[in-house]
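Student: Need the 3D shape of this:
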Amino acid sequence: MLRRYASTQVVPRHPRLSARLVPSPESETWLTRKVKDSKAWAAFFNAAIFVLGYSSTTQTAAARNYHLYAHACARAPERNIDFWVNECHLPPTFQSYFLVANIHVWLIAARLRALPHTAHVQTLVDHFFIDIEDRIRMILRPPPQPVEPYTLLTTFYPEPLPAPKTNKAPETLVTRQMKVFRDQWQGMWVSLDHGLVAGDEHLAATIWRNVLGARGAHGINSTPPTAADPFPEKKGGASLASHGAPPSPIPFSSYPAFPELSLALTRYIRRELKRLENIPDSVFLNDDVPTMCRVVAQWGPIPYPDPMRDGTRPQTDAEKSQARDLLLLDEALPPKPEDKYSKVDIDSDLKLFGAEVGSKKERIKE
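Tutor: Take a look at the predicted model:
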């Protein structure tokens, strides 16, 4: 089952598709111009494509989902880079890039599951891991001359400097890194799927473990971090970090904001899932590629901090009326007495409940 989504070995190389949605006339080959100008050539070309299998559902989905991944997923970490780096304290590295891109690949894959063929999800994941492998090779052994990656360049993490040597990256190291990212991808997708079905509290817990590194799992020390002990958590806190990756050292004063960060990301995921759900199937199956990419890649801002908490968003008339009613209700209610419900009261209530159940059973027998 895992082989279907991401190979444990190095993903085989495929001919690179152009990242440009609309090729310029100068880049068109003589065959392209011939097919456009002649109906006979177009009919012959379409028949040859059909015989060779290039017009199958899998091939069509692969061609369309390449552009979908390149413009909706590979660029997604840059849309809210200030939030990921400054608020979530994710370092601008390739690991953080993979984490954020993985979330957006899952968002689109969750929508593609509703399509009639499984090739749409499969080809999207294939492009994701081919791009990840390509970026790993560029980081481990940068080429002497700058080259474009499998999809598009990103500003989320700094590009590696060109290396004087032209040796290839060690295949053993590339394979090892691909296995690590495969495990991270699998674990995060399972957790997100569970959170999507189980509820927002499970989804927020998944975000806390994977995005926020499970910081503060065992409490927070009262002393600030030092060079010898950069993690302000108590003993054992760093062991719950995402997939064995230790969290980056940050001030312990930032830890109380993690619940609000988890809430903001939970709202963001739910909102984007609803937006993708409202996109018709025809956009993914029949519309032209530029329209599909433009509609799907409209990622919105992450709602943090909560606009209702800090008062940056003006309240509507209904919200003002509700807040006024709640304030009047609190003033009208008498103060709540202290809870003096003791163990004796609990035992007496249990005895009464048992007696009532027993009487009902006797009436049923009669």
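
Student: For the helix or strand where Thr58 lies, the averaged confidence score.
Tutor: Element membership for Thr58, per DSSP states H and E: helix 57-72. Predicted confidence along helix 57-72 averages 91 (mean pLDDT).

Student: got the buried residues for the next helix-or-strand element following it?
Tutor: In the C-terminal direction, the helix or strand that comes right after helix 57-72 (DSSP H and E) is helix 76-79. When neighbours are counted by 16 or more other Cβ atoms under 10 Å, the buried residues of helix 76-79 are found to be 76-77, 79. Glycine gets a C-beta too; all of them are placed from N, C-alpha and C.

Student: and what of stretch 120-138?
Tutor: Of the residues in stretch 120-138, those scored as buried under the neighbour-count criterion (16+ other Cβ under 10 Å) are 120-138.

Student: do stretch 294-304 as well
Tutor: For stretch 294-304, a neighbour-count test (16+ other Cβ under 10 Å) marks 295-297, 299, 302, 304 as buried.

Student: Show residues contacting it.
Tutor: In this structure, residues lying in contact with stretch 294-304 by Cβ atoms under 8 Å, 6 or more residues apart in numbering are 68, 71-72, 75-76, 79-80, 83, 87, 104, 108, 260-261, 264-265, 267-268, 271-272, 275-276, 279, 283-284, 287.

Student: Which ones among these lie within helices?
Tutor: In helices, judged by DSSP state H, the following of the contacts of stretch 294-304 are found: 68, 71-72, 76, 79, 104, 108, 260-261, 264-265, 267-268, 271-272, 275-276, 283-284.

Student: Buried ones among those?
Tutor: Among those, those buried by neighbour count (16+ other Cβ under 10 Å) are 68, 71-72, 76, 79, 104, 108, 261, 264-265, 267-268, 272, 275-276, 284.

Student: ok, which pair from the residues you listed is furthest apart?
Tutor: Leu261 and Phe284 (31.3 Å; Cβ to Cβ).

Student: In helices, which of the buried residues of stretch 120-138 appear?
Tutor: Cross-referencing the buried residues of stretch 120-138 with the helices (criterion: DSSP H) gives 120-138 as the overlap.

Student: Report how many residues lie close to Ala48.
Tutor: 11 (other Cβ atoms under 10 Å).

Student: okay, the angle between the helix or strand hosting it and helix 57-72?
Tutor: For Ala48, the element it lies in under DSSP H and E is helix 39-52. Interaxial angle, helix 39-52 versus helix 57-72 (axes from the mean of the first three to the mean of the last three Cα atoms, to 10 degrees): 100 degrees.

Student: Setting aside sequence neighbours, what's the nearest residue to Ser262?
Tutor: Leaving aside its sequence neighbours, Ser262 sits nearest to Ala204 (Cβ to Cβ, 6 or more residues apart in numbering; 4.1 Å).

Student: Now for that neighbour: which residues touch it?
Tutor: Neighbouring residues of Ala204 by Cβ under 8 Å, 6+ apart: 195, 262-263, 265-266.

Student: Run through the protein and note the low-pLDDT ranges.
Tutor: 1-27, 53-54, 146, 162-167, 217-253, 306-366 (pLDDT under 70).
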